[in-house]
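Peer 1: Fold the following for me, if possible:
(chains A, B, C, D, E and F, ligands or ions: 6)
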Amino acid sequence: MNAPTHVKTPANPRYVDRDTLFEVERFLIREARMLDEERFREWWHTQLTEDVHYVLPVREVRMRADKKPVGSNPGAYVFNDNYPMLDMRIRRLETGLVWMEDPQNYIRRFVSNVDAAWADVAGEVDAWSNFIVYRNRRQRDETVVWGTKQCRLRRVDGQWKLARRVILVDQRVVLDKNLYFFI
Amino acid sequence: MNAPTHVKTPANPRYVDRDTLFEVERFLIREARMLDEERFREWWHTQLTEDVHYVLPVREVRMRADKKPVGSNPGAYVFNDNYPMLDMRIRRLETGLVWMEDPQNYIRRFVSNVDAAWADVAGEVDAWSNFIVYRNRRQRDETVVWGTKQCRLRRVDGQWKLARRVILVDQRVVLDKNLYFFI
Amino acid sequence: MNAPTHVKTPANPRYVDRDTLFEVERFLIREARMLDEERFREWWHTQLTEDVHYVLPVREVRMRADKKPVGSNPGAYVFNDNYPMLDMRIRRLETGLVWMEDPQNYIRRFVSNVDAAWADVAGEVDAWSNFIVYRNRRQRDETVVWGTKQCRLRRVDGQWKLARRVILVDQRVVLDKNLYFFI
Amino acid sequence: MKDVTKLILEDGAVQDRRIYWDQDIYEQELEQIFARAWLFLAHESQLPKPGDFLTTRMGEDNVIVARQPDGSIKAFINSCPHRGNVVCHADSGNARSFTCAYHGWAFGLDGDLVTVPLEHDTYYDAIERPRYAMHPVAKVESYKGLVFGTFDASAPSLRDYLGDMAWYMDSFLDVPGGVELLGPPMKSILNCNWKVPVENFIADGYHVGWAHAAALKAIESPLSPLAGNQAYDVNTGLQVATRGGHGFGVIWDAAAAIHPDGALYRDWIAQREPLVREHLGEWRARFYNGHWDASIFPNCSFLYGTNTWKLWLPAGPHNIEVWTWTLVEKDMPEALKQMMVATNMMTFGTAGMLETDDGENMEQCTGSNRGWVTRRGKLYSGMGQVREGTHPELPGIVGKGSVCESSNRGFYRRWAELMSGRSWEEIAREPHYAPNRQVA
Amino acid sequence: MKDVTKLILEDGAVQDRRIYWDQDIYEQELEQIFARAWLFLAHESQLPKPGDFLTTRMGEDNVIVARQPDGSIKAFINSCPHRGNVVCHADSGNARSFTCAYHGWAFGLDGDLVTVPLEHDTYYDAIERPRYAMHPVAKVESYKGLVFGTFDASAPSLRDYLGDMAWYMDSFLDVPGGVELLGPPMKSILNCNWKVPVENFIADGYHVGWAHAAALKAIESPLSPLAGNQAYDVNTGLQVATRGGHGFGVIWDAAAAIHPDGALYRDWIAQREPLVREHLGEWRARFYNGHWDASIFPNCSFLYGTNTWKLWLPAGPHNIEVWTWTLVEKDMPEALKQMMVATNMMTFGTAGMLETDDGENMEQCTGSNRGWVTRRGKLYSGMGQVREGTHPELPGIVGKGSVCESSNRGFYRRWAELMSGRSWEEIAREPHYAPNRQVA
Amino acid sequence: MKDVTKLILEDGAVQDRRIYWDQDIYEQELEQIFARAWLFLAHESQLPKPGDFLTTRMGEDNVIVARQPDGSIKAFINSCPHRGNVVCHADSGNARSFTCAYHGWAFGLDGDLVTVPLEHDTYYDAIERPRYAMHPVAKVESYKGLVFGTFDASAPSLRDYLGDMAWYMDSFLDVPGGVELLGPPMKSILNCNWKVPVENFIADGYHVGWAHAAALKAIESPLSPLAGNQAYDVNTGLQVATRGGHGFGVIWDAAAAIHPDGALYRDWIAQREPLVREHLGEWRARFYNGHWDASIFPNCSFLYGTNTWKLWLPAGPHNIEVWTWTLVEKDMPEALKQMMVATNMMTFGTAGMLETDDGENMEQCTGSNRGWVTRRGKLYSGMGQVREGTHPELPGIVGKGSVCESSNRGFYRRWAELMSGRSWEEIAREPHYAPNRQVA
Ligand code: FES
Ligand code: FES
Ligand code: FES
Ligand SMILES: [Fe+3]
Ligand SMILES: [Fe+3]
Ligand SMILES: [Fe+3]
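Peer 2: Ligands and ions are numbered 1, 2, ... in the order given. This is a model prediction of the structure:
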C-alpha cells in the first residue's frame, strides 16, 4: 500500500495529449456522477479493473525533519481495498438495511484540476485531480471533505478503467463521523 | 414543473461531441461570470429563450420506500419562473431600492463537472453541471450553497440559449436566509 | 496598483481560440499543483516574468452611490509584490525557521471557471478563473478562501508565464489568521 | 428564574434588548412559553389517512404527529425512551409503526412501545411497557382544521387559548369547505431571535412601504403606490391585539392586492364574500376581503391574502428555522390554488422578493444586540398607543390604521405574563391592560 | 457543584437525559472524572526508544508522553508555562527536547525547563527554573504495557484502579510476548456525548443484530446469522460489571468470528489457547477465545477479537474525537497482524462498515436531548437487571448473556460516585451495589 | 461580579490562565473595561470633511463616528432605537444622514432622529424625538489627531487617561504637520484572546529573535542579526510601563531598521530629528529615532518605525478581529509614505511575514487553555522585574533593555484595577505599584 502524506508530481511527467486528457476528464466526471446517483454496482462492474487498488491513507502530523518512512505495512488506513472488498461494501449498501442511508443522503462530488501523464506501463495513465465532496443529510447535517486523488487508469477493450486510486483527504482529524462513501 | 428529489442520468445518453461540449462549457462559465458581475439584464436578454423555465424545487426527506410521486402540481418550490417572472425579479434589483444589495454583496459561482448529451429535440442539448455559490456580505456574513443543475440549451441564431434549468440544492433546510440569487 | 472592489469583463472580449485556452488552463492547473507541492522556487523561476506584478487588494464595503475612486496609491493591500518581493517571501519559507510551517500544512488550490481573451498587447492573454483554497493545519485548524483571479499571461520562449495577477478574495474581513500563501 | 418585570415596560411598548440575545432568557422562554403554550403542529389536510404522519418541532423538541386508526391525531416526542435515538427521520409519510434504528424497538402510531427484539431472552418478559412509551404531547386539539399541541396538561383548551383571535380567523377558516395548507414546507434559516419575525407579522404594516419598496415597484400590483410610503390613509385598515398575545393588522379590500395578476382571485372573492357575509356577518365579510398580517402566539404567523403561512422555530436565542406553506381554500379551483402558490413563492418563499427584504432586517435587528452597551438599551414600539382602545363591535384592543403597533404591544404583554412563571389560572384572574378609550 | 443524586437512579438503570447535554454537568465531569481518573495514554510499544514521544489528550488537556533516558515514561501538559503556547505539534516522533516556537524556551524529555534564550541578559540568571517546568501528569503507570496517567496525586494505584478488570484483561494481555497497538491512530469526530460510545462498547450486545444488520450480511462471517436478530442464545456469553465502572460483554468462541476470512486467526488461537489455559486457567482461556465488547472507565473502549482499540476524547458536552488503533499480539506473524488491521479498518475504521452504523446512532442519541422537554425525561438500561448477580468463580457483577445491560449500569454507578466529588477514600469506604443473587 | 484579586499576582507578573478563556471573565471585561475605558476610534485625518463618517467597534458594540458640520466629531451606537436594526453598513463614506432600511427612520450626523415616515398619520405628531436618538458615545476626544471614545461619562479626560504615555507618544505625534493613518484598514481574524496580542506589542521584544527568525533573515535589514537571538545588548533599548496600563519597549536608533531598503526613511529621520530635539528635547529626539513596540490600554497597539497601527477587537473570549493601518507623518513625501505602507504590508499586513508568525503563537497561547487542568495553572511574565524601577528623567516604571516584561506587568496591574469594578476616583486614590529602585 502506498500511503504518502504529501505527494509530488514526478520530475519530468510525460503529459498526455489533448485527446487523452479529454477522455480522462470525461471518465472522472462521469464516474463522479455515477456515484452521486448511487449507481454503485454499475460503477463496480464498468469503471474498475479487477486488480483495482483503492486507497485512502491516514495522514500523520510529523515534523519535517522526521524521516521515519511512512507507507509500508501501515497499521491504519481508511481504505485499502481490492475488488472483492469494494464489492462487500456495495453489497452492504444493497441490503436496504443501512439505516443511515434511508432517507437518502445528498452526496455531491466536485472534480477539478484534472491533469494526466503517461504511466511507465504502456496504455496506462496517471491522472491527478482535486476533489470536494459535499454531504448533506437528515434535516441539517452538513459536512465537506477536501483533497486530491491520484488515479491510475488503464485502457481495457477501448474503455478507460480505474486500476488504482490514492485519495488524500487534507485532514489529520477527519472532520466527519465517517468517510464510508467512495470519492 | 419537474421537481425531482434525486436525479439519474438517462440510460443511454447520446453524449455530445467535443466541439459542442466546449461550447456548452463556455456558455455555463461565461453565464456564471455575467451573473457574478451583476449583468442581469444582459443575461435576461442574451442567455435565455423566451420560453425559458427556471426551476428550483423544494426537496423533501422521505423514506426510500415511500413511493408518493413528487413533482406534479407541487405546493412549494423556490423558483418556478418563466421569462416575465425572471424579468420581474431583475426589475426589482434594478430599482436601486433593495437595501440588502447596497453595499454590493460578493457572490461567486463555481461551475464544475460539466457534461452534456443531445436532447430528444434536434438542436438541443441537456447539460449537467455541479455548482457551488459562495456569498459573502456586510462584514462577515458568509454562506455556501452546493448542488447540481440540469440545463436544456437550445441553439438560436447560432447562439446557445438556456431553455430550461432545474437546480437541485443539496439541502432539505436551506442553510441561508434566502436563495434569491440566480444559480 | 490595480485594486478593484468588483470587476467586469470588458465590453467585447476577444476570446482566445481553443488551443490557447487549453494552454491557459494547463498553466493554471499545473501552477496550482506546483504550489500545493511547495515547489516555490521552481514556481518563481519558471512561471513568472521578471516584471511580474502580484496583487491582492483590500476590498472595502462602500455604498454603491459612493464614487470615491479606489485603487490609486492605496494605503493598504495584502499583496502588491514584484519579482524580488516574491523572492523574499520564498526565501523566508526556505530558511526552515517558519515554525507554523512545521509540521507541514495541507493547502489545496481549486481552479475553476477558466476563461481567457487576447490582451491589447500581442502575445498576451487575460485569463479569468475562480479559486478556492482549502487550508488544514495542526490537528483541526481549517479554513477556506474563495474568490476570483485575473491573470495576464505572456508567452516567453514558447512558454506561458505570469506577468500580472489580481486576486480578489470575496471577503471584507479575511476569515483566517493570515493570507500569506500564494493563490 | 429571571424576574421579567423590568424587561417589558409601558404596557408592552418598551422592550429590554436583552430579550433578543441572552441565553438565560431564551431558556426561560423554552420553559415558560414553549413548554406551556399551544404550538402549531399541522393542518388536518396534511394527514388525510390513518397512519399518515409528519415530523415537526415544538420549541426545540422534535415531535411526530400521526393520524390514528380512529381518525384522531396524536403527537409524541421523536426520541426513543431506551437510549434516546431519534426514531423517525422522514418529513412525512404513512406508517404502521416507527422502528428505532439502534436496537429495533418499535412504537405504534400512538407512541406506545409495541415490539422489543429478543424480549423473552433478554428482558425475561418482565418489561414494563407503559414506562417506555414515547413521551406524549399532553394535549392535541384542532380548531377548524388547524392542529395545535401543548406539553402542559394544565393549559386551557385550544379554543380558550385562541380566544378572540378565533372569532377573527373564522373570517377565512369558517368558509364553505374550509382551508388547507399546501406544502411540503419550505425550510430555511435566519440568524435572528424568534420574536423578531413574529412581531414583523403581527403588527408591522409600517415597514411595507420602505423595506419592500423595490418589490412593490417590481410586482406592479395595486400595492405598488405604497412603495416609498407615497400613499397611506389611516382609514384603510386597522389593527387588533387580542388577549392571548395574538393579533393582526388588516388593509380593507386588499386580499388579492399583492397578486401580480389578481383577477382570478378577485373573482373568487367576489363570488364567496356574500356567503361569508350571510354566514358570519358584515364585519367578517370585510375581514374576508382584507389583507392580513398576523401572528398566533407564540410563533406562528400568516399573511391572509398573500397567502403565506409561517412557523418560526427557535434554535437558540439568535437563530430560527423558517417553515413556509401556502394557505388556500379547499374549494378554490386548481388554477387559482396554483396562482396562490405562485404568488406566495414569488413573495414569501425562500427566494421570495419580500422574504429577502425581511430576513435581512430580522437578522440585523437581532445581531446589533451583541454589543454589551447596546444590549443594555431599549427598543420602542409605541406607535398608535395614544389612540388605541376598545371597539363597540370588535373584540380585543383595536388600533387605528394598518400601520400601527398595537398588536406588537399585545404580544409583549402576553410574553411577560407567561414568562413570569405564574399558572394559567393566576394569569387569567389578574387584571389586564384595558385602555379607557373607544375607537370608532 | 451539581448534586448528582437524582441523575442516576435504580442502581444505574435510569439516567437523567441532561447528563448528555448540559454544559454545567460536562464541566463537572472534566473536574470530577477527567481530572481525577486514570486515563489511557499509550501502549509502551509506541515508545520503544528513549526520546520517543507522542502527543495525546487527557480530557481536553493536551499532553506529551515521552520515554525517558532511564526507560521510564513521563507525561506533562503540552503548554508552555511562559505565555502558554502549545509546544509540540507533532503526533509523535523522537526528540531530545521540546522547544517553544514563541520565545524559544526549551524543555527536557521530563518537561523541565532546560534552555532560556538570553537568560543572562534578561533574567540576570535569577530565573527560578522548577517553577517553570511544564505541568506534570501527577502519576503515570503501566499495566502490562498499557500506559495510563492521572492528574490526581491522591488517586489509587493503576492496578487498584483497574481492579477486577485487570484480572479479566489478563486473558489477552498476559499472553507470551504481550500485545501491541498498531497505528498511527485514525482520528475522526462525532457530535455525541462521550458517554454514549462508552456505553455502546461496555454493554451493548443488543444493537448488533439490528443496527449492524446490513454489515453482518455483507461480511459473510459466522456472525451473519445475527443480522435482524434471527439468532440469539443467552448461554453463548455473559456480561461483567466490575467495581471501578469498567465492564464488558463476551460471546464465547467468537474471537475470530467477525473476520471475513478468519482461518489464519482461528489457527493462531487454537495454537495459543493451551498456553493461556496453562498459564491463567480455564476461565481465562475461554475469555481468550471470546469476542469482547469492553470499556475501561471512563473513556477507553475495545473489542477484543475484532480487534479495535478506541479512545473517546471529550470536546464539549455534544462532541468527541474518536481515535482508533488495532490491538494485536506481538508474537503474531506479520500476515496475521495485517489481517487484524484489515478487519479492524473494514469494520471499525473511519470508513468501517459497523463504525458508520454506530456513529449515526450515537449522534442521534445525543442530539435528541437538545429539546427542552425531551431533556427533562429519562433513559433506561434495565435489561437483565432482574437476573444479574455475583458468580462463584468470576469477580464483579455478572449478567446473563452477551445481550444485557449490566455493565452499562456499572458504568453509571461509578460515574455517579466520582461526580459526587467525594474523595477516593470516601468512595472506597462506602457500601456499594451488591445484588443478593447468584448467577451460575 | 468575579473577585479578580487572585487572578493577577506578584505585581502583574503572574496571571491566572482563566483570564484568557472563561466566558464570565470576558463578560466582566466588556462591562468593566470596554464599557468604561477610552477606546481608539479613528484618526482625524480619516474624516476630513463634514459628513465624513466611518463605522467601527467599541468592544462588541458597533458605532458610527462622524464629522459634524461644526467640525467636531461625534460617535453613537449603530443600531436603530426603533426595532434595533443596524443602520449603516458601509465601512466609511460621506453622508447627510443615516436612514434605517427597516422602516425608514433617518438620523442626523449627530445621531438624532430627524425623519419619521408617516409621522403625522401614525404617531399623530406626538413622537418624543430625543428618546429615539441613537445611543451616543458618552465622550469623544482627540489627542493630537487620535480620536478616542468612552461609554462612561465619569471617565477622566482623554489626556488624563493617556497620562505619561502621551508624553512619550509626543515624540512622534507632535512633529511638524503631525501624523495620519493610511487605510482602509485591513481586517482579519484570530482565534485568540484579545489580551494576547496586546501584551505581544506592549512588551514582547523577547520573541523577535526566535519567532521571527525566518523573516529577519529573509528581509536582510539591520535587524537580521537578531535572528535566532544571535545578538542582544541590554543597553540598546529600554521598556516603559506607564500608570494607565499603557507601555512600550524601544530599540534606540532603529526606527528604520526593519525596512528592506531604509535609506529614504533614514534620510527623513536625519532631517527631522533636529526639529524634534529642538521642540521636545533630547530624550524624545532619541525616542523619535527608536523603534517602538507599544500598546495603549486596553486594545490598541502600534509599532513606531515599522509603522503599523493595530486595533484588536474582542469577539468572545477566544476570538478577535485584527484591524491594521499604516502610521505616517503627514509631511513625508509621497514616495516615502508608499514605502512605509509597503513595509507595513510586507511585515504586519494580512500576508505580512511577521504577522504570520505572531498570529500562530497568539492562537496557540489561547487555545491551550481549553484544557481544564491546564486552565487552573498560571502564566509568568517576571522578566526584568528584579531590576525595573523609576528613572530620574523618564516618567513611569522603566525596565532595562528592550527585551523585558515590565510593560506587560503594568498592563495586567491596570487590568486588575479596572476589573475590580471600583470607580475611577477610587482607583486614582489608592496607592499603586512603585518599586523602590532607580534605573539609570
Ligand atoms: S435507542 Fe431505540 S431501541 Fe435502543
Ligand atoms: S510562550 Fe513558550 S517560550 Fe514564551
Ligand atoms: S428599526 Fe429602524 S426604522 Fe424601524
Ligand atoms: Fe415584510
Ligand atoms: Fe456497534
Ligand atoms: Fe511579533
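Peer 1: Which strand or helix spans the closest residue to chain B within the stretch 51-200 of chain D?
Peer 2: Nearest to chain B, among the residues of the stretch 51-200 of chain D, is residue D:182, at 3.0 Å (C-beta to the nearest C-beta). (Each C-beta comes from the backbone N, C-alpha and C, glycine too.) Take DSSP states H and E as the rule and residue D:182 turns out to sit in strand D:179-190.
Peer 1: need the residues of chain A near chain E, please.
Peer 2: Contact residues, chain A versus chain E (C-beta under 8 Å from any C-beta of the partner chain): A:56, A:58, A:60-63, A:66, A:68, A:73-80, A:85, A:88-89, A:91-93, A:95-100, A:172-180.
Peer 1: count of neighbours near the residue of the stretch 51-200 of chain D closest to chain B?
Peer 2: Neighbourhood size, residue D:182 [other C-beta atoms under 10 Å in any protein chain shown]: 23.
Peer 1: correct me, but it touches residue D:326?
Peer 2: Yes. With contact defined as C-beta atoms under 8 Å, residue D:182 counts as touching residue D:326 (4.3 Å).
Peer 1: Run through the neighbouring helices and strands of the next helix or strand after the strand holding residue D:182.
Peer 2: Remark: after strand D:179-190, the chain's next helix or strand is helix D:195-203, criterion DSSP H and E. Judged by 3 or more C-beta pairs under 8 Å, 6 or more residues apart in numbering or on different chains; DSSP states H and E, helix D:195-203 is in contact with strand D:247-251, strand D:291-296, strand D:300-304, strand D:308-314, helix D:353-367, helix D:406-419.
Peer 1: which residues touch helix D:195-203?
Peer 2: D:19-20, D:190, D:207, D:239, D:246-249, D:293-295, D:298-299, D:301-303, D:310, D:312, D:320, D:322, D:358, D:361-362, D:365-366, D:381, D:404-411, D:415, F:83 (C-beta atoms under 8 Å, 6 or more residues apart in numbering or on different chains).
Peer 1: returning to that earlier point: what's the strand holding residue D:182 packed up against?
Peer 2: Packed next to strand D:179-190, using 3+ C-beta pairs under 8 Å, 6+ apart, are strand D:39-43, strand D:320-329, helix D:334-348, helix D:353-367.
Peer 1: all helices in chain D, in order from the N-terminus.
Peer 2: For chain D, the helices defined by DSSP state H cover D:23-29, D:158-162, D:164-173, D:195-203, D:208-211, D:213-219, D:263-280, D:282-288, D:334-348, D:353-367, D:372-375, D:406-419, D:424-429.
Peer 1: Not counting its own residues, what contacts the first one?
Peer 2: Right, helix D:23-29. By C-beta under 8 Å, 6+ apart, helix D:23-29 touches D:1-2, D:4, D:7, D:18-19, D:314, D:316-317, D:419, E:372.
Peer 1: just how off-centre is stretch D:52-67 within its chain?
Peer 2: Offset of stretch D:52-67 from its chain centre (C-alpha atoms, centre = their mean, to the nearest Å): 15 Å.
Peer 1: what about that stretch, how long is it end to end?
Peer 2: One end of stretch D:52-67 sits 5 Å from the other (C-alpha to C-alpha, to the nearest Å).
Peer 1: still on that earlier bit, kindly state which of the helices and strands packed on helix D:195-203 is positioned closest to ligand 1.
Peer 2: strand D:308-314 (24.4 Å; C-beta to the nearest ligand atom).
Peer 1: tell me what the closest one is packed against?
Peer 2: In terms of contacts (3+ C-beta pairs under 8 Å, 6+ apart), strand D:308-314 is packed against helix D:195-203, strand D:300-304, strand D:320-329, helix D:334-348.
Peer 1: Would you format those as JSON lines with mean neighbour count, distance to residue B:108 and mean pLDDT included?
Peer 2: What follows is those, written out as JSON lines (neighbours: other C-beta atoms under 10 Å in any protein chain shown; distance: least, C-beta to C-beta, whole Å; pLDDT from 0 to 100):
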{"stretch": "helix D:195-203", "mean neighbour count": "26", "distance to residue B:108": "29", "mean pLDDT": "97"}
{"stretch": "strand D:300-304", "mean neighbour count": "23", "distance to residue B:108": "34", "mean pLDDT": "98"}
{"stretch": "strand D:320-329", "mean neighbour count": "23", "distance to residue B:108": "25", "mean pLDDT": "98"}
{"stretch": "helix D:334-348", "mean neighbour count": "21", "distance to residue B:108": "26", "mean pLDDT": "97"}
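Peer 1: For these, give me CSV that also has distance to ligand 3.
Peer 2: Below are those laid out as CSV (distance: least, C-beta to the nearest ligand atom, whole Å):
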stretch, distance to ligand 3
helix D:195-203, 10
strand D:300-304, 18
strand D:320-329, 18
helix D:334-348, 20
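Peer 1: For residue D:99, find the nearest of the helices of chain D.
Peer 2: Smallest distance to residue D:99 across those (C-beta to C-beta): 31.4 Å, for helix D:158-162.
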